[in-house]
Each structure stands twice: as structure tokens, then as C-alpha cells.
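S.K.: Show me how the following folds:
(chains A and B)
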Amino acid sequence: MKKSTKIFTGIMLVASLALTACGAKNNTNNGASSPSASAPASPSASADNSGKGFKIAMVTDVGGVNDKSFNQGAWEGLKKLEADTGASVKYLESKEATNYLTNMNQFVRDKYNLTWGIGFLMGDAVKDAATKNPDAQLAIIDNVVDAPNVASITFAENEGSFLVGVVAGLTTKTNKIGFVGGIEIPVIKRFELGFVAGVKAVNPDAKVTVVYTGAFDKADLGKAAAASLYNDKNDIIFHAAGGTGNGVFNEAKERNKTAAADKKVWVIGVDKDQSIEFGDDVTLTSMLKRVDQAVYTVSKELIAGDFPAGKITVLGLKDDAVGLPDTSSKNVSKEILDKVEEYKQKIISGEITVPTAQ
Amino acid sequence: MNKFLKIITKESAIVPFIAIVLGLIVGAIIMLIGGYDPILAYRSLLNKVFGNPYDFGETLTAITPLVFTGLSVAFAFRTGLFNIGAEGQYIMGMTGATFVGVNLHMPWYLHAPFAIIVGTLIGGIWGMIAGYLKAARGVNEVITTIMLNWIALHLANYTVNHFLLEPGKGRSYMIDPSAQVTIGWLSRLLDDARVHWGMFFALLCVVFFYVYLFRTKQGYELRVVGSNSDAAQYAGINVNKSIVKAMFISGAFAGMAGVFQVLGVFMNQAIAASPTGHGFDGIAVALLGGNNPVGVLFGAVLFGTLSYGAAGMSFGADVPPEIIRIVIGSVIFFVAAPGIIRWLMKRLSAKKRKGEVV
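M.R.: Predicted structure coming up:
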């Protein structure tokens, strides 16, 4: 008796699920074409509709789309593209590294016009998808993939870092400045070289101490590195260390709570305007890396019919892809900002060449 | 036939099944609240998994490591140990296989088997450390395995960084083709999906698990130690030796998961900022499968299908990844709380009986 009831319950549950599944057959078609629910910004009245019919997508790395960093920036760029041109955009998050390739392939197989792989880590997956699907068009941020159908987008971090170096060189009172890097890879090396060159350009007497913590996700290491740099009379630290840099900010915050006004220490943020997250009392300025701008510009080039396939695009000061945020004026004086503008023009015109790393 | 019916209507089989259905229903309710179409979402999930040969092959690839780590956790459970260290053993297995795959050069009939053996042994030894500490010093294996996870992660990163690194790539060199365990013909049949021999090894391990634990003297001893170590001691079983042995086998299973991820899927090892999660998923899989080898296999199939199909829900029904994680989480929740299901079943059958009387 009891056993039969159990079977009955089981069958009922299966049947109810199966029935509801059958009932849904009618509405599959309109689901696929509806605009992305997470991007409600439907094409506004000002949209020129040039992108109508274009399908553009991106695949995040394991950081996910809300990483407060490049993945988020890239998605913001695509949403802006949707609003401006009416192109349909979509993203897939990668839960683990095995998903990089399968997520890329999902879009490629669905005949998307352009699929972005966001971040250095996606290199192998983009390469693989590109070789096996020569008709697909792909693009990657922060890495170089050698394939005729891939646009590789990298940034001239050294140019932007040069400008924050100018700010640091002119602001320091102790003539000692620190640099905290994550892992010593070419991208981060570009930050370091540009920064040091910028400081030396305006303040040849200043000494820059360079520290690599060996990790991008260890706030404790960043805090320890910052503590020893500040103890050593460095009054400004530029970090290019992702989450490790959060520790640099924390250390600076603690010190500023008790320090006299003339002993204040500063941090220069990276990638985004970090004064928004950490406050104006410690953030001198930030070195912006406009991933959103890069994704937007290159996707728009695709719509206009001149996608830079097979090319390496290095975005720098002239493209407004790196630089200082507008909020810098809160802590940086007008004279220094004028100086920054002057150097910016010199770099763009080629009068100054900023050292770089491969 | 009668026996078969008995097996599938056994409570141990019915409870997880109802749990899954309940989890899916709760997930559907959450999607409805969020304004998404749950039926379309589940259809997209199934479509992603079974819709085309490529995705089907990739689903098999996603399931494989979960079978290994699930067996690893379940094996330890059966012997009275809680192995939270499958993650670390997985990473060590990966590292061993990568090291052999990259640094040694041999003909294929030696290279791949040697890489598999080395990786598996290192995974086993990593588990054995925790077993030894428990046996010799009485240290709780929960604590040591968690610690060993982090040691493994950083040891692996160190090894890749210093001995295997391909400059500028953030990962090791590719392993020699002779060490790869891909199945070329099946891969071509499945549209280039990354299928590999690991899945057959996983099935062999399921058989080994059953035969060793339930059909040999050694396995019997391990189970006795698991049920009551004092009784085992009294009966003349060497408890300490059994604990070390059990952790070695458990670690070897997890190590094999890592081995096949390297030799069959990635062909290289990336510098990882955080654990991959396969080891922790193994705990959920073991739970789903009730620590029974065949159950683990089904648990892994369910878990792998859900997590691989999740991308389909995101792609086909625009469900954001957060909600998908809630759906997966609620399935695990109901499986992990069989008491709820039993209570529900009792209520249902009680009600029905009442109805019959009336």
C-alpha cells in the first residue's frame, strides 16, 4: 500500500513536469528574438539604427560580468552600443576555464557577427575558435591572437601611466614614490616603465621604489608592501595590482586617519576611477583603462564595415582609451593638470616616446 | 524486472529524484519572480545539452571530472573520513600530469600512461598526507585537507611559474601530443568537442570503487573502520593503516580528475588565482549519489548537465547567471535535506490514505 503511494506520487510529479513542458512549445520563437532582459536599454529615439540586425556578443573570463573591472567595462561598452546603434548584444559568463571555448563556440555557431573574448586568459580559447571557424569574426582584449579573423586590442598602459607619473612627480613632498605591481608580466611592466618615466620627466630627483607582490588577489600582500613603502617615507603609491591594490588603499586610509595634514599619504588607482570606491581622501588620481571605449569603438567599426581583422590595435592617449578621470581636479592642482595636458599632447604628437615592454 | 522496479522505487532512489524535481520547481518560481520564462529556460538547458553533437560531447567532458571527485569524496565518506581536500588533490594531479607532459619526451604508448600514473600517485600522496596526520597525530582531516588545498594551489602555481612557464602566456607550455588522451575519431564525430579517454577511466573507477570496497577483504576492513573504528581495532584491524590507505585512494581518484583535465581538455596548466571548484563540487556530487558509486555517477551526470546547460539558459532565455546559480543551489539544497522530502512524502501518503477512507 505504502509503496504504491510512493510510486504514484513520483509518476504524478513526472507527468506534471512533462505536461508543462509540452504546453510551452508555442512560445519558443519569440523568446529568442526578445531583447536581452539584463540590458533593458532599448534603442532610444536618438539611435541611428545603423546596427540593426547585427548580433554582437562577449564572453567573460571567470571574473564574471560584475567584476568591477574589465569584464564589467566591456559589457557597459556593448550596452552603449545597443543603445546607440540598435545592434543586439549578449554576454555569457564563464564559470570555469573549460567554459571559455564552449561559450565562444555558442556564439560562433549561432552566427554572431562578432564575438568578444574579454581578458588575457581567453587567448587560447579565442585562437582555437578562430582557427576552427575561419568565417567567424572574433576580437580579444588585452592579448594578441595571431589569426586572420581576430582583432587583438591592447592598451598603451605606459602612456597613461606616464601621465599619472607626472602627477606623482609634481605632488610628492618627500621625493620618494612607490609602485606596487601584481605579477611581473608584460602588461604590468608597461605600467611600471611608463610611470617611472613620467616621474623622472618632471622631477629627476625623485626616487621610485618598485615592488612586485606576485599576486593580483591578495589584499594582505598589498597592505604589507604599502606599509613598508610608507614607513620608508614614500608619500605616493601607484598600484597596478588588481585586488592586491585594495590593501594599498586600506593602509593609506588607516594612516590618514591619524596623520597630520602635511604627512598625508596618497594612492594612485588603476583601471577605473577608484576615488569612487575608496574616496577622495586617499585617491590622488587614477590611471583609467577604457575597456568600454575599446569594445564600443571596435564593434562600431564592424558595423561600419571596417573591422580590424587580423590586426593588433594598440589604444592609447590619442584614442582616449587611457588617461586620467575628470575627478582628478579635486586633489590635483590646476597647474599640475595643465602640465599633464601638455605632456599628453607631446606624447600624442610623438615628441615624447614612452618606454614600453613586450 | 521485479528486482529492477524494486531498485528504482527504493526510497534511496526516490528521495533524490523528488529533490531534483522540487529544486527545479523552486528554481522556476524564482525565475517567474524575476520575470523570466522558466519553461523556456529549462528547454534551453536541455537544448544546450542534447541539442547538437558538439554540446553533447562537451557535456560529457564537463561530467567526467565530477565523477572522479565525487568518487573521491564518497570513498572517504564510506571509510569515515570527510575529505574536503579533493580540490587540492585535483590540483596536484594536474601539476604532476603537466610536469610529465611538458618536460619528459617519450613515445605515446609510454608518455600518456606515465603522465596518468604520476598525476594519480601525486594526488594520492597529497590525500595520504592528511591521512597520515590523522592516523599518527590525530589531527582532524577536515582541517588538514582544507589547509592542503591552499598549499597545493600555491605549490602548483610555483611549479608552473618556475619550471613550466611559457613566457608571456600566464600558463605552462602545451604538453607533448604524445601525452594527450583525446579521442580523435569521437571528437570528429562530435563536431570537435573535447572528448577524451578520461570518461572511460571514470567508469572503470566506478567499478573499482564498488568491487574494492564491497567485494574485497581490504575494502571490508575500510568500511568497518568507517562504521566504528573502536570495534575495528578490537577485531584486529590496523585502523591507522586503513585511514592512510583510504585517504590515498580517495586522493588518487581526485588526482585523476586533474590529470584528465590537463591531458584531455586544456593541454596546459594555467596559473590559477583560486581553486577551480571541481573538488568542492565533488562533495555535492557524493551527497547527491548517497556515497554509492553508481549514485555518484548519476549525481555527476546531473550536476555536470546543470552546470554546462546553465550557459544555455543564459543564452536561450536570457536568465542572468546569478539566477541560474540559485536554481542549481536549490536543487542541491533539497538533495542535501532529505528530511524535508521524507516529511513531505509522509504527509502526501497520509493525506491520500485519509482520502480513501472518505
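
S.K.: Wait, residue A:130 touches residue A:151, no?
M.R.: No - at 10.4 Å, residue A:130 and residue A:151 do not qualify as touching, with contact defined as CB atoms under 8 Å. The C-beta positions use only the backbone N, C-alpha and C, and glycine is treated the same way.

S.K.: in chain A, which spans are helices?
M.R.: With helices called from DSSP state H, chain A shows them at A:2-23, A:28-33, A:70-85, A:99-109, A:123-132, A:157-171, A:186-202, A:219-231, A:244-258, A:275-278, A:291-303, A:334-349.

S.K.: can you list those in JSON lines and add mean neighbour count and mean pLDDT?
M.R.: Listed next are these as JSON lines, based on neighbours: other CB atoms under 10 Å in any protein chain shown; pLDDT from 0 to 100:
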{"stretch": "helix A:2-23", "mean neighbour count": "13", "mean pLDDT": "46"}
{"stretch": "helix A:28-33", "mean neighbour count": "12", "mean pLDDT": "35"}
{"stretch": "helix A:70-85", "mean neighbour count": "22", "mean pLDDT": "92"}
{"stretch": "helix A:99-109", "mean neighbour count": "24", "mean pLDDT": "93"}
{"stretch": "helix A:123-132", "mean neighbour count": "21", "mean pLDDT": "93"}
{"stretch": "helix A:157-171", "mean neighbour count": "28", "mean pLDDT": "94"}
{"stretch": "helix A:186-202", "mean neighbour count": "22", "mean pLDDT": "93"}
{"stretch": "helix A:219-231", "mean neighbour count": "20", "mean pLDDT": "93"}
{"stretch": "helix A:244-258", "mean neighbour count": "20", "mean pLDDT": "91"}
{"stretch": "helix A:275-278", "mean neighbour count": "16", "mean pLDDT": "88"}
{"stretch": "helix A:291-303", "mean neighbour count": "22", "mean pLDDT": "92"}
{"stretch": "helix A:334-349", "mean neighbour count": "15", "mean pLDDT": "93"}
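
S.K.: Contacts only, for whatever residue of the stretch 151-300 of chain A ends up closest to chain B.
M.R.: Here the residue of the stretch 151-300 of chain A nearest chain B is residue A:217; by CB to the nearest CB that distance is 4.9 Å. Going by CB atoms under 8 Å, 6 or more residues apart in numbering or on different chains, residue A:217 touches A:242, A:243, A:244, B:273, B:274.

S.K.: before we move on, what about residue A:57?
M.R.: Contacts for residue A:57 (CB under 8 Å, 6+ apart) come out as A:89, A:90, A:91, A:92, A:107, A:112, A:114, A:115, A:116.

S.K.: Identify the residue nearest the geometric centre of the chain.
M.R.: Chain wasn't specified; assuming chain A. Centrality entry for chain A: nearest residue to the mean C-alpha point is residue A:70, 2.1 Å, by CA atoms, centre = their mean.

S.K.: Wait, chain B was what I had in mind.
M.R.: Central residue of chain B (CA atoms, centre = their mean): residue B:66, at 2.5 Å.

S.K.: Which residue comes closest to that residue once chain neighbours are left out?
M.R.: Once flanking residues are discounted, residue B:66 sits nearest to residue B:300: 3.9 Å by CB to CB, 6 or more residues apart in numbering or on different chains.

S.K.: need the residues of the stretch 151-300 of chain A near chain B, please.
M.R.: Selection of the stretch 151-300 of chain A residues close to chain B by CB under 8 Å from any CB of the partner chain yields A:183, A:185, A:186, A:215, A:216, A:217.

S.K.: redo that, cut-off 6 Å
M.R.: Where the stretch 151-300 of chain A comes near chain B, counting by CB under 6 Å from any CB of the partner chain, the residues are A:186, A:217.

S.K.: Dump stretch B:278-297 to PDB, restricted to CA.
M.R.: Output in PDB follows, covering the C-alpha atoms of stretch B:278-297 (Å, rounded to 0.1, in the frame of the first residue of the first chain):
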ATOM      1  CA  HIS B 278      35.700  20.700  -9.000                       C
ATOM      2  CA  GLY B 279      36.800  19.300  -5.700                       C
ATOM      3  CA  PHE B 280      34.100  21.100  -3.800                       C
ATOM      4  CA  ASP B 281      31.500  20.100  -6.400                       C
ATOM      5  CA  GLY B 282      32.600  16.600  -5.700                       C
ATOM      6  CA  ILE B 283      31.200  16.900  -2.200                       C
ATOM      7  CA  ALA B 284      27.800  17.900  -3.600                       C
ATOM      8  CA  VAL B 285      28.000  15.000  -6.200                       C
ATOM      9  CA  ALA B 286      28.800  12.500  -3.400                       C
ATOM     10  CA  LEU B 287      25.900  13.800  -1.500                       C
ATOM     11  CA  LEU B 288      23.600  13.500  -4.500                       C
ATOM     12  CA  GLY B 289      24.700  10.000  -5.100                       C
ATOM     13  CA  GLY B 290      24.400   8.900  -1.400                       C
ATOM     14  CA  ASN B 291      28.100   7.900  -1.400                       C
ATOM     15  CA  ASN B 292      27.200   5.000  -3.600                       C
ATOM     16  CA  PRO B 293      29.400   4.600  -6.700                       C
ATOM     17  CA  VAL B 294      26.500   4.300  -9.200                       C
ATOM     18  CA  GLY B 295      24.700   7.100  -7.400                       C
ATOM     19  CA  VAL B 296      27.800   9.200  -7.700                       C
ATOM     20  CA  LEU B 297      27.800   8.600 -11.400                       C
END
